[in-house]
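1. below is the structure, and that's it, no one-letter string:
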């Protein structure tokens, strides 16, 4: 009798292991497919940048083009593509989509608007990309370390010190943002810190209150803050030490840097 029970348990274990491996392999293949798609998009973006730089050299141009040529090429392929987000030394190097007609449209869609579990980083539908005080960009925290998974590493001050700048390109040119705060918070609690709804300040007091709340929650003091009038960028992804947690990294544009 015990032999039969042992055999049954063994067979069940093998079946469960096979099912687990099947799903893990499926997730791995999906991640690979998603990243292959992103690689193709990066290649288009980089080739256009390279060609534009060659034209500047051959034409002896003393001023850079106003329009980002790589983004322009991608925007012509899909008008929802309005930006490119990059943090040097990390896997964050992706297009940014904007589809305000539908909430979270690119949460599970790729650049071609097809279903993709990895989704594509996207600007919140609450933002006006031309007029927002705070650009809120969402991306998945993939177990493979891709998309916005690297944001979780900003829990370490050492990692922040090595990667303090967010690069964000638009059709109008390139912007840089100095990170001023990094924190994790739960959402859907009924009493959230609603970082995800702050896109346009009503006045200076409203703006400074938001910045203060962000810095209060930060894992460490970056030594930087923002003043009313400074443009902000917020990167957000899932975080797993909290129930319904979000990892949030906030930066300010550094045209006129103020500490």
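-> The structure has been received and is ready for your questions. For clarity, every value in this text was computed on a predicted model and none was experimentally measured.
2. which parts of the stretch 151-259 of the chain are helices?
-> Remark: helices assigned in the stretch 151-259 of the chain by DSSP state H, counting those that start in this stretch are 157-162, 204-217.
3. so which of those helices is the most packed in?
-> Mean neighbour count (mean count of other C-beta atoms under 10 Å) peaks for helix 204-217 among the helices of the stretch 151-259 of the chain, with a mean of 16. The way it works is simple: take the backbone N, C-alpha and C, and place the C-beta from them, glycine included.
4. chain center to that one: distance?
-> Here the centre of helix 204-217 is set off from its chain's centre by 22 Å, with C-alpha atoms, centre = their mean, to the nearest Å.
5. tell me what that helix is packed against?
-> strand 173-186 (3 or more C-beta pairs under 8 Å, 6 or more residues apart in numbering; DSSP states H and E).
6. quick one, strands of the stretch 1-150 of the chain?
-> 81-86, 93-97, 122-123, 134-138 (DSSP state E, counting those that start in this stretch).
7. which among those is found nearest to residue 43?
-> Closest of the strands of the stretch 1-150 of the chain to residue 43 is strand 93-97, at 11.8 Å (criterion: C-beta to C-beta).
8. ok, and what's touching that closest one?
-> 38, 41-42, 45, 74, 78, 80-87, 105-106, 111, 120-123, 137, 139, 147, 168 (C-beta atoms under 8 Å, 6 or more residues apart in numbering).
9. for residue 166, give the beta-bridge partners.
-> Bridge pairing for residue 166 (DSSP bridges) gives the partners residue 177.
10. distance check, it against residue 159.
-> Counting by C-beta to C-beta, to the nearest Å, the gap from residue 166 to residue 159 is 14 Å.
11. now for those two: what residues contact both?
-> Joint contacts of residue 166 and residue 159 (C-beta under 8 Å, 6+ apart) do not exist.
12. contacts only, for residue 188.
-> Residue 188 neighbours (C-beta under 8 Å, 6+ apart): residue 244.
13. kindly recompute the last result at 10 Å.
-> Taking C-beta atoms under 10 Å, 6 or more residues apart in numbering, we find residue 188 in contact with 243-244, 246.
14. burial count for residue 78?
-> Residue 78: 17 surrounding residues under other C-beta atoms under 10 Å.
15. my guess is it contacts residue 111. True?
-> Yes. Using C-beta atoms under 10 Å, residue 78 makes contact with residue 111 at a distance of 6.0 Å.
16. intersection of neighbour lists for those two?
-> Joint contacts of residue 78 and residue 111 (C-beta under 10 Å, 6+ apart) are 41, 95, 97, 120.
17. pLDDT wise, what is the first one at?
-> The predicted structure scores residue 41 at 86 on the pLDDT scale.
18. related to what we said a few turns ago, restricted to strands, list the contacts of residue 188.
-> residue 246 (DSSP state E).
19. which of the contacts of residue 188 count as buried?
-> residue 246 (16 or more other C-beta atoms under 10 Å).
20. from the contacts of residue 188, which is closest to residue 220?
-> Using C-beta to C-beta, the contacts of residue 188 come closest to residue 220 at residue 246, 18.1 Å.
21. list the contacts for the closest one?
-> Taking C-beta under 10 Å, 6+ apart, one finds 138, 141, 151, 183-188, 192-193, 195-196, 236-239 in contact with residue 246.
22. quick check: closest non-adjacent residue to residue 96.
-> residue 83 (3.6 Å; C-beta to C-beta, 6 or more residues apart in numbering).
23. that neighbour pairs with what?
-> Assigned bridge partners for residue 83, using DSSP bridges, are residue 96, residue 170.
24. pretty sure it sits against residue 166.
-> No. Assessed by C-beta under 10 Å, residue 83 is found out of contact with residue 166, at 11.4 Å.
25. which neighbours do those two share?
-> What both residue 83 and residue 166 touch, as defined by C-beta under 10 Å, 6+ apart, is the set 137, 175, 233.
26. got the residues you listed as TSV, with pLDDT columns?
-> Below are the shared contacts of residue 83 and residue 166 laid out as TSV (pLDDT from 0 to 100):
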residue	pLDDT
137	98
175	93
233	98
